[in-house]
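J.: model the following, please.
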Amino acid sequence: MPIKIIEGLPVRELLKKENVYTIEASRAHTQDIRPLRMLVLNLMPKKEETELHLLRLLGNTPLQIDVEFLYMSTHHSRNTPTSHLQKYYNSFDEIKDQRFDGMIVTGAPVEKLAFDQVDYIEELRNILNWAQTHVYSRFFICWGAQFALNHYFGLEKQELPSKLFGIFKYENLNSEHPMLRGFDDVFNVPQSRHTSIDIEALKNIHELNILTEHPEFGPDIIASKDQRDLFIFGHLEYERETLKNEYERDVSTGQHIDLPHNYFPGDNSSNTPLFSWKSHGHNLFNNWINETYQNTYYNLENLENLTDLKK
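T.: Numbering: from 1, shown residues only. Down below sits the predicted model:
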């Protein structure tokens, strides 16, 4: 089944060429089914690139998904035209009275700032509080996961000695968990971050299950025990050349940056990177969508009856 998107979204043509099924709202309204309502809070500067990453994964499901995009009205985007945001995105004020089956919060290039130094942090806090009663299932990625863990559980962010950059092997700690259905015992994860969360404090949060871990760099995929929240520090949504583009961007601006670990064959940046995490990216998103579908209410108004463990 297709994902439902707003009329005319530019990336639709690229998705169509890749056989990722989409449907515009005018066609979806003629179908007598209840799609999953998904909200994507896109904090990345290159909005259309992130739209493609996420829609490719959300579109690989037999369910119809109604996707809405959300932007931060308290932040001025320098990399995405205002016209694109106004046409294809919603402000929080425009959706705050609605309810959603799921919400994805992306990473953001603000890792080296303290949380309180981020210009939209109060708006983001309001959205995360709102999501506890207006969204059934939440999925936080990279910086979004770090901030959510800080906001909900008080976990502190820590700067790493050097950027964690490349492809790293993570161990599956709980193969029976529904979020890891179909995962190998060991699998590759792209990482691109300067910070981590306080790992020892994280392990003491009884509301959370650590699902995957690296022997040196610690946990990566974490789920709340009620399975309404999913956190991942890595980027299983990344495409083959995403790390390559990040590397070339930093080199072009004169930054000192090492080659991404275990990414270019022969550590030669002229070689085509190996795409060694693709199936696990699809697995994770499919598992999250399936669990949301199986457990959310048919009538989303009933979300207000849920008791959230973090309150």
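J.: pLDDT weak spots in this protein?
T.: Residue ranges of the chain with pLDDT under 70: 1-5, 18-33, 79, 305-311.
J.: longest strand in it, please.
T.: Using DSSP state E, we find that the single longest strand of the chain is strand 157-172.
J.: would you put the C-alpha positions of that strand in PDB?
T.: This file holds the C-alpha atoms of strand 157-172, laid out as PDB (Å, rounded to 0.1, in the frame of the first residue of the first chain):
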ATOM      1  CA  LYS A 157      24.800  14.500  26.800                       C
ATOM      2  CA  GLN A 158      28.600  14.000  26.600                       C
ATOM      3  CA  GLU A 159      31.000  15.100  23.900                       C
ATOM      4  CA  LEU A 160      33.100  12.300  22.500                       C
ATOM      5  CA  PRO A 161      37.000  12.700  22.200                       C
ATOM      6  CA  SER A 162      36.600  12.500  18.400                       C
ATOM      7  CA  LYS A 163      33.700  12.200  15.900                       C
ATOM      8  CA  LEU A 164      32.200   8.800  15.700                       C
ATOM      9  CA  PHE A 165      32.000   8.500  12.000                       C
ATOM     10  CA  GLY A 166      31.600   5.500   9.700                       C
ATOM     11  CA  ILE A 167      30.100   2.000   9.800                       C
ATOM     12  CA  PHE A 168      30.300   0.000  13.000                       C
ATOM     13  CA  LYS A 169      29.200  -3.500  14.000                       C
ATOM     14  CA  TYR A 170      26.600  -3.600  16.800                       C
ATOM     15  CA  GLU A 171      25.400  -6.600  18.700                       C
ATOM     16  CA  ASN A 172      21.800  -7.700  18.900                       C
END
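J.: what helices or strands is that strand leaning on?
T.: Secondary-structure packing of strand 157-172 (3 or more C-beta pairs under 8 Å, 6 or more residues apart in numbering; DSSP states H and E): helix 143-153, strand 186-197, strand 212-214, helix 242-252. Heads up, the C-betas are built off the backbone N, CA and C, glycines and all.
J.: so for Glu51, which of those sits nearest?
T.: helix 242-252 (13.5 Å; C-beta to C-beta).
J.: and that closest one, what's buried?
T.: Within helix 242-252, the residues scored as buried using 16 or more other C-beta atoms under 10 Å are 242-244, 246-247.
J.: and Val40, that one's in a strand?
T.: Yes: under DSSP: H, G, I helix; E, B strand; the rest coil, Val40 falls within a strand.
J.: any idea what it is bridged to?
T.: When assigned by DSSP bridges, Val40 has beta-bridge partners Phe69, Ile104.
J.: and stretch 292-301, end to end?
T.: One end of stretch 292-301 sits 16 Å from the other (C-alpha to C-alpha, to the nearest Å).
J.: ok, residues contacting it?
T.: 34, 36-37, 63, 99-102, 136-137, 227, 303 (C-beta atoms under 8 Å, 6 or more residues apart in numbering).
J.: out of those residues, flag the one nearest to Gln255.
T.: Gly102 (35.7 Å).
J.: show me what contacts that closest one?
T.: Per C-beta under 8 Å, 6+ apart, neighbours of Gly102: 36-39, 135-139, 288-289, 292, 296.
J.: redo the contacts of stretch 292-301 as TSV? Include secondary structure and distance to Pro190.
T.: Shown next, in TSV, are the contacts of stretch 292-301 (DSSP: H, G, I helix; E, B strand; the rest coil; distance: C-beta to C-beta, whole Å):
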residue	secondary structure	distance to Pro190
Arg34	coil	34
Leu36	strand	26
Arg37	strand	28
Leu63	coil	26
Arg99	coil	32
Phe100	strand	27
Asp101	strand	27
Gly102	strand	22
Tyr136	strand	28
Ser137	strand	23
Gln227	coil	24
Leu303	helix	33
